[in-house]
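Trainee: Predicted coordinates and the sequence they were generated for:
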Amino acid sequence: VLKLIGTDEKPQDFSAEEVSILAKNNSVMRSYNFHKAYMSFMFRLHDDSKHYTEKYLDCIDNTWANLILQHAFQAFYTGLISFWVARKSRDE
């Protein structure tokens with residue numbers, strides 16, 4: 001939202017409790033990284049999208065099983081991001 005209104009300041013993202021939850025719960029970290037990758041993809045932020053997708057893929061092996069629909073949704077957008085990164089990397 002801040003990028004849409006033109007504010008360059010980066011606010012504090014998390015409280016100490018939220019950082020603790022992210023550090024302890026791999027499923028939460030996986031969801032967080034997926035949503036950050038998705039939002040970066042939607043706003044065409046190539047480097048951020050690649051970074052968060054890599055972090056998402058690092059977390060995916062150590063998490064509990066997903067719901068089928070949620071897993072399909074995440075696999076679809078992770079694939080889109082991967083194709084986009086490959087195309088951008090080829091062009092550069």
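Mentor: All right, it came through fine.
Trainee: Any regions of this protein where pLDDT drops low?
Mentor: Judged against pLDDT under 70, the low-scoring parts of the chain cover residues 1-14, 62-69.
Trainee: What ranges does the chain have for its helices?
Mentor: 2-5, 16-24, 26-42, 46-60, 68-91 (DSSP state H).
Trainee: Give the buried residues for stretch 31-49.
Mentor: 31, 32, 33, 34, 36, 37, 38, 40, 41, 45, 49 (16 or more other CB atoms under 10 Å). C-beta coordinates here come from the backbone N, C-alpha and C atoms, glycine included.
Trainee: Of the residues you listed, which is the nearest to residue 18?
Mentor: When the buried residues of stretch 31-49 are compared for distance to residue 18, the smallest value, 9.6 Å, is given by residue 32; criterion: CB to CB.
Trainee: which residue is nearest the middle of this protein?
Mentor: For the chain, the residue nearest the mean C-alpha position is residue 37 (2.7 Å; CA atoms, centre = their mean).
Trainee: and the residue nearest to that one when sequence neighbours are not counted, what does it touch?
Mentor: Excluding its sequence neighbours, the residue lying closest to residue 37 (CB to CB, 6 or more residues apart in numbering) is residue 52, at 3.7 Å. With contacts defined as CB atoms under 8 Å, 6 or more residues apart in numbering, residue 52 is in contact with 33, 34, 36, 37, 40.
Trainee: Nothing else from me, thank you.
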